[in-house]
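A.B. asks: Just the structure for this:
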Amino acid sequence: MLRLTPRPYQHEAVAALLAAAARGVQRPLLVLPTGTGKTIIFALFVQRRGGRSLILAHRDELIQRAVDKLHLVDPTLPLGIVQAAHDELTAPTVVASVQTLSRRPRLARLVPDFHTIVIDEAHHAPAPSYHRILEYCHAWRADGPLVVGVTATPARGDRQSLRQIFDGIVYQKTLVEMIQAGYLVDLRAMQVLLQADFDALRTQHGDFVEAELETLLLAANAPAQVLAAFQAHAADRKALLFTPTVALAYAMAETFCAAGIAAEALDGTTPLPTRRAILQRLHTGVTRVVANCAVLTEGFDEPSVDCIIVARPTQSAPLYQQMLGRGTRTYPGKTDCLILDVVGGSTHHTLHTAATLFGCNAARLAQQSVLESLDTQARPTLVDEDPIAGTLRSTPVDLFARRTLRWVQTRQGAWVLSLGAQHGTLRLRPDGPETWQVVQVRRDADPVLLGDTLPLPYAQGLAEDYARHLGVARLVEAEAPWRQQPATEKQTGLLRKLGLAAQAGLTKGAAAELLAAVLGDWD
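C.D. replies: Got it, this is the predicted structure:
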């Protein structure tokens, strides 16, 4: 039993990095969508490669995430942190804040004998602070360290090339590929059209001037329109809301609160304990919406978020992908993520939305999913244009055929995935305050522990990969045809035995979920 079993593409990525190093590629780049375990990959790579290593990250959250994932892969790995008061410069593996390490007095005390350097969120690497560290560590010398970059967005909004740092991409998977494979959730999208002329906005450094964008959005009554869209289409969802300015983030939160929806806002000046408390309330569901300006675009993981509100219209594809990526992670019971794109009229600005990200015509996407559009398979219109009120127009867009598996939560909070009569069920059970175990339970056999002390997303990933390995993934998909068939006599008899009424018209899927919810807490 492995505490963490790498996924096939993670093995492939490590192999690709090792092969690139063997053929003399000194600065390879790895590109994978948010939520697919890039940190796990470089942790595996550092472990496989051996020697002293340096991992560079630019946010506090990324430092801790790297430490957690490195220990998840190898709990015995000796780590040192260089960040603010932490000064563990001599550790075999150093996880360092770029802001801290790039200061000359701190850098001067670092022994630059690293075998491997990893740059997390590598699209930031052209910054002078990274250059200073890489130069000091002999990254451009023939006998220098291997420098590995990992990112979800290799293009930069300012169009500055990463080629000044990296030799090329050696492994890449697209967002569409990872959704099709079931490693990320299905996406839906709606465009919230404001009566706003975006052509009136100026562009600076490749994107809209933020103060002008705020003025335009407020003039178009964007907070009220975004609220209306959320109430109409996402009332039962948990959302992250992105805005161009801090003032607009707080205005959005106030508008939601006034309508009785628990919402909070945070910004770069929010004290760390306060920020953690807000995000913990989002995690538990006490807070339904968190609005922010440029704080949660990177380094923030809350897999239960199933709605992203892009009230920060942008011309930057990387920025848009970063915002969207906050909602693509899988989570038990989460079937998809809804993207609400706030847009306005424009003839000469390229505004990035879900439609432009996937290279599809917005009008066609009101009729077809992205995969259907790419395959040129015509489908009936999903939903007609549905005006709500005032300046809002919402157009439903079904982006992907669903590939999620059907998890059911038990009365005691565990999660159950039924694998059929032959293989029994997979169960995720808490074994600590924030950790879970994965157990396979079969009739007439002892339970099998597949993994333990795992964060919930990794426990879920292990279970779903195991279901795919068994070849039963199609059986347990949320949209599997068998779920709509009438419940069997055996199912209804067992429900009656448990004191549950079997209603007329009960389907196999509904009966299976009822039984899983009741029996899932038992061995």
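A.B. asks: low-scoring stretches of this structure, by residue?
C.D. replies: For the chain, the stretches flagged by pLDDT under 70 are 1-4, 156-160, 344-351, 354-404, 473-483, 494-495, 498-503, 509-523.
A.B. asks: The longest strand seen in it packs against which elements?
C.D. replies: If each strand of the chain is counted by residues according to DSSP state E, the longest one is strand 186-197. The elements that strand 186-197 packs onto, with contact taken as 3 or more CB pairs under 8 Å, 6 or more residues apart in numbering; DSSP states H and E, are helix 210-219, helix 222-233, strand 336-345, helix 354-357, strand 393-398. For the C-beta atoms, the positions are set from N, CA and C on the backbone; glycine is no exception.
A.B. asks: Off-centre distance for the helix or strand just after that strand?
C.D. replies: Along the chain past strand 186-197, the next helix or strand (assigned with DSSP states H and E) turns out to be strand 203-204. For strand 203-204, the distance between its averaged C-alpha position and the chain's averaged C-alpha position is 29 Å (CA atoms, centre = their mean, to the nearest Å).
A.B. asks: Could you list every helix and strand that the following helix or strand past strand 203-204 packs against?
C.D. replies: Using DSSP H and E, the helix or strand that follows strand 203-204 towards the C-terminus is strand 207-208. Using 3+ CB pairs under 8 Å, 6+ apart, no helix or strand is in contact with strand 207-208.
A.B. asks: Within its sheet, name the partner strands of strand 207-208 and how each one runs.
C.D. replies: According to DSSP bridges, strand 207-208 forms sheet pairs with strand 203-204 (antiparallel).
A.B. asks: tell me which residues form a beta bridge with the residue nearest to residue 339 when sequence neighbours are not counted?
C.D. replies: Distances taken as CB to CB, 6 or more residues apart in numbering place residue 189 nearest to residue 339, at 4.3 Å, with adjacent residues excluded. Residues found in beta-bridge contact with residue 189 (criterion: DSSP bridges) are residue 339, residue 397.
A.B. asks: For residue 313, give its distance to residue 320.
C.D. replies: Separation of residue 313 from residue 320 (CB to CB, to the nearest Å): 9 Å.
A.B. asks: Which neighbours do the two have in common?
C.D. replies: None of the residues lies in contact with both residue 313 and residue 320 under the rule CB atoms under 8 Å, 6 or more residues apart in numbering.
A.B. asks: Would you map the strands across the stretch 251-400 of the chain?
C.D. replies: 263-266, 289-292, 307-310, 336-345, 386-387, 393-398 (DSSP state E, counting those that start in this stretch).
A.B. asks: Beyond the last one, next helix or strand please.
C.D. replies: Sequence-wise, the next helix or strand downstream of strand 393-398 (DSSP H and E) is strand 408-409.
A.B. asks: helices or strands up against that next one?
C.D. replies: For strand 408-409, the contact count by 3+ CB pairs under 8 Å, 6+ apart identifies strand 415-418, helix 508-519 as packing neighbours.
A.B. asks: Now the nearest residue to residue 110 once chain neighbours are set aside: which helix or strand?
C.D. replies: Taking CB to CB, 6+ apart as the measure, residue 110 lies nearest to residue 89, with 5.1 Å between them; neighbours along the chain are not counted. If you go by DSSP H and E, residue 89 is not part of any helix or strand.
A.B. asks: when you give positions from now on, start the count at 29
C.D. replies: I'll keep to 29 as the first residue from here, and by that count the last item is residue 117.
A.B. asks: And residue 117, how far from residue 157?
C.D. replies: From residue 117 over to residue 157 the distance is 17 Å, taken as CB to CB.
A.B. asks: just residue 370 next, same as before
C.D. replies: 33 Å.
A.B. asks: My guess is residue 122 contacts residue 115. True?
C.D. replies: No. At 10.4 Å, residue 122 and residue 115 do not qualify as touching, with contact defined as CB atoms under 8 Å.
A.B. asks: So for those two, which residue has more residues nearby?
C.D. replies: Residue environment comparison for residue 122 versus residue 115 gives the larger neighbour count to residue 122, 22 against 13, counting by other CB atoms under 10 Å.
A.B. asks: which residues does the more buried one contact?
C.D. replies: By CB under 8 Å, 6+ apart, residue 122 lies in contact with 80-83, 107-110, 116, 138, 142.
A.B. asks: If you go by neighbour count, which of the residues you listed are buried?
C.D. replies: 80-83, 107-110, 138, 142 (16 or more other CB atoms under 10 Å).
A.B. asks: Residue 44 contacts residue 201, correct?
C.D. replies: No. Residue 44 is beyond contact range of residue 201, at 10.9 Å (criterion: CB under 8 Å).
A.B. asks: Counting neighbours around each, name which of these two comes out higher.
C.D. replies: Set residue 44 next to residue 201 and count neighbours by other CB under 10 Å: residue 44 wins out with 20 against 17.
A.B. asks: Wait, a helix at the more buried one?
C.D. replies: Yes. Note on residue 44: a helix contains this position according to DSSP: H, G, I helix; E, B strand; the rest coil.
A.B. asks: show me what contacts the nearest residue to it once chain neighbours are set aside?
C.D. replies: Leaving out its chain neighbours, the residue that sits closest to residue 44 by CB to CB, 6+ apart is residue 199, at 3.9 Å. Contacts of residue 199 were listed using CB under 8 Å, 6+ apart, and they are 40-41, 44-45, 58-60.
A.B. asks: Which of those fall within strands?
C.D. replies: With strands taken from DSSP E, the overlap with those comprises 58-59.
A.B. asks: Just the buried ones from the contacts of residue 199?
C.D. replies: 41, 44-45, 58-60.
A.B. asks: now, which of those sits nearest residue 301?
C.D. replies: Nearest to residue 301 out of these is residue 60 (CB to CB; 32.0 Å).
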